[in-house]
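Q: Requesting a structural model of the entry that follows:
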Amino acid sequence: MSEALRVVVTGAAGQIGYSLLYSVAKGDVFGANQPIELLLLDIQPMLSVLEGVVMELQDCALPLLREVVATADPMVGFKDVDVAILVGAMPRKEGMERKDLLAANVRIFMTQGQAIDKVAKKTVKVVVVGNPANTNALVTRKYAPSIPPQNFTCLTRLDQNRAQAQISSRLGVSHDKVRNCIIWGNHSSTQFPDVRHAIVNIDGKDIPVPEAVKDDSWLKNEFIKTVQQRGGAVIKARKLSSAMSAAKAICDHMRDWWFGTKGNDWVSMGVPSDGNPYGIPDGLVYSFPVRVKPDHSYEIVSGLPIDDFSREKMDATAKELQEERDMAFAACEA
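A: Okay, the predicted model is just below:
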């Protein structure tokens, strides 16, 4: 077995953390032979709950889990970590706008960025889940200037999984038969779920998704709206945000970042827009299709044709991200 991997999960006493930690500690994310040290970071009032989570992890008797540390101190939680999964944030509640989260959350991610900068490994891989995830990732990156910018990402894999599920359900195939769905832009209701370049395997043959669906109106309207509004629909139904599906998507994101994507396929990740090939303004964390290499480096897939419909959608979500960025940075300086 290799040296233990140090993984911090923030907001670890919450519902996403509860759904996530077992998979990470069991080996579903970083491999069946990779020992794990878990650092669980939450706010002081949640430490008693977190102690219960620690007990459960101990009682799972997982052979890969070497150590579990529960703390409310970011300087302890981020010490020498290899991977940071930033889940903790003020939760979005029914009827709440994303902009309402910005002022409350910007301070959280400033503090965490500063701690990462001071005590995490300089190779740390960071994925931000707490909403507004793209802009929170940008704030974290801003306050951790000693860490390479490309090491900061945000989660849009949940949206990709939702898009894939809608297509597979429509076509009556299993989810693994659908590949290369793209989420462009923000993890919000302006995101652009794009299947123009996606593939579905039917009876052993790869077919472009638009050709298989044969309903352009559905793809440009109902499909997009369903994916964009899925998070809100879950909140309305269960009065809580997506936890199980978010945890699964975090595992998917980190596993692909750790081991690389398959063949010529790509996945959606929110990554720095600097120098991107699609004309998105630099200085945003924007969801693109990316291919990941086994050494954990990634590149934005280039050369995909963008039609006028796509351009409009991509620019609209970029505009929202610019507005969020400006509000967040103003709050940082306040």
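Q: can you give me the strands for the stretch 1-150 of the chain?
A: 5-10, 36-41, 65-71, 83-86, 125-128 (DSSP state E, counting those that start in this stretch).
Q: tell me the angle the first one makes with strand 36-41.
A: Counting by axes from the mean of the first three to the mean of the last three Cα atoms, to 10 degrees, strand 5-10 points 20 degrees away from the direction of strand 36-41.
Q: can you list contacts of strand 5-10?
A: Residues from elsewhere that reach strand 5-10 (Cβ atoms under 8 Å, 6 or more residues apart in numbering): 17, 20-21, 24, 30, 34-42, 77-88, 112, 121, 130. Any C-beta I mention is one placed from the backbone N, CA and C, and that applies to glycine too.
Q: Run the angle between that strand and strand 65-71 for me.
A: 30 degrees.
Q: any idea of the mean pLDDT for strand 5-10?
A: In this model, strand 5-10 carries a mean pLDDT of 98.
Q: Identify each buried residue in it, please.
A: With burial defined by 16 or more other Cβ atoms under 10 Å, the residues of strand 5-10 counted as buried are L5, R6, V7, V8, V9, T10.
Q: Would you reformat the strands of the stretch 1-150 of the chain as a markdown table and include distance to I207?
A: Converted to a markdown table, the strands of the stretch 1-150 of the chain look like this (distance: least, Cβ to Cβ, whole Å):
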| stretch | distance to I207 |
| --- | --- |
| strand 5-10 | 39 |
| strand 36-41 | 40 |
| strand 65-71 | 43 |
| strand 83-86 | 36 |
| strand 125-128 | 32 |
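Q: and these, which is most packed in?
A: Greatest average neighbour count among the strands of the stretch 1-150 of the chain goes to strand 83-86 (a mean of 28), per mean count of other Cβ atoms under 10 Å.
Q: can you give me the offset of that one from its chain's centre?
A: 10 Å (Cα atoms, centre = their mean, to the nearest Å).
Q: and if you look at stretch 190-204?
A: 19 Å.
Q: Equivalent analysis for stretch 221-240, please.
A: Average the C-alpha atoms of stretch 221-240, do the same for its chain, and the two points are 17 Å apart (Cα atoms, centre = their mean).
Q: send the alpha carbons of it over as PDB?
A: Coordinates of each C-alpha in stretch 221-240 appear next as PDB, following Å, rounded to 0.1, in the frame of the first residue of the first chain:
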ATOM      1  CA  ASN A 221     -36.500  23.500 -24.400                       C
ATOM      2  CA  GLU A 222     -37.800  20.900 -21.900                       C
ATOM      3  CA  PHE A 223     -34.500  19.000 -21.600                       C
ATOM      4  CA  ILE A 224     -32.500  22.100 -20.800                       C
ATOM      5  CA  LYS A 225     -35.100  23.500 -18.300                       C
ATOM      6  CA  THR A 226     -35.300  20.200 -16.500                       C
ATOM      7  CA  VAL A 227     -31.600  20.000 -16.000                       C
ATOM      8  CA  GLN A 228     -31.300  23.700 -15.100                       C
ATOM      9  CA  GLN A 229     -34.100  23.500 -12.500                       C
ATOM     10  CA  ARG A 230     -33.400  20.000 -11.100                       C
ATOM     11  CA  GLY A 231     -31.800  21.200  -7.900                       C
ATOM     12  CA  GLY A 232     -34.800  23.400  -7.100                       C
ATOM     13  CA  ALA A 233     -37.200  20.500  -7.900                       C
ATOM     14  CA  VAL A 234     -35.400  18.300  -5.400                       C
ATOM     15  CA  ILE A 235     -35.500  21.000  -2.700                       C
ATOM     16  CA  LYS A 236     -39.200  21.500  -3.400                       C
ATOM     17  CA  ALA A 237     -39.900  17.800  -3.100                       C
ATOM     18  CA  ARG A 238     -37.800  16.800  -0.100                       C
ATOM     19  CA  LYS A 239     -37.400  20.300   1.600                       C
ATOM     20  CA  LEU A 240     -33.600  19.700   1.500                       C
END
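Q: got the contact list for that stretch?
A: Against stretch 221-240 from outside (Cβ under 8 Å, 6+ apart): 15, 92-94, 159, 162-163, 166-167, 170, 188-193, 195, 241-242, 245, 313.
Q: top helix in the chain by residue count?
A: helix 308-333 (DSSP state H).
Q: Show me which residues of that one are buried.
A: 310, 313-315, 317-318, 320-321, 324-325, 327-328, 331.
Q: how about the helices in the stretch 1-150 of the chain?
A: Ranges of helices in the stretch 1-150 of the chain, per DSSP state H, counting those that start in this stretch, are 15-26, 47-59, 74-77, 98-119, 133-142.
Q: Counting by contacts, list what the second one packs against.
A: It stands for helix 47-59. Contact partners of helix 47-59 among helices and strands, from 3 or more Cβ pairs under 8 Å, 6 or more residues apart in numbering; DSSP states H and E: helix 15-26, strand 36-41, strand 65-71.
Q: for it, which positions count as buried?
A: L50, V53, V54, L57.
Q: The shortest one too?
A: By neighbour count, with 16+ other Cβ under 10 Å as the criterion, the buried positions of helix 74-77 are P74, G77.
Q: quick one: average confidence on that helix?
A: So the average pLDDT for helix 74-77 ends up being 98.
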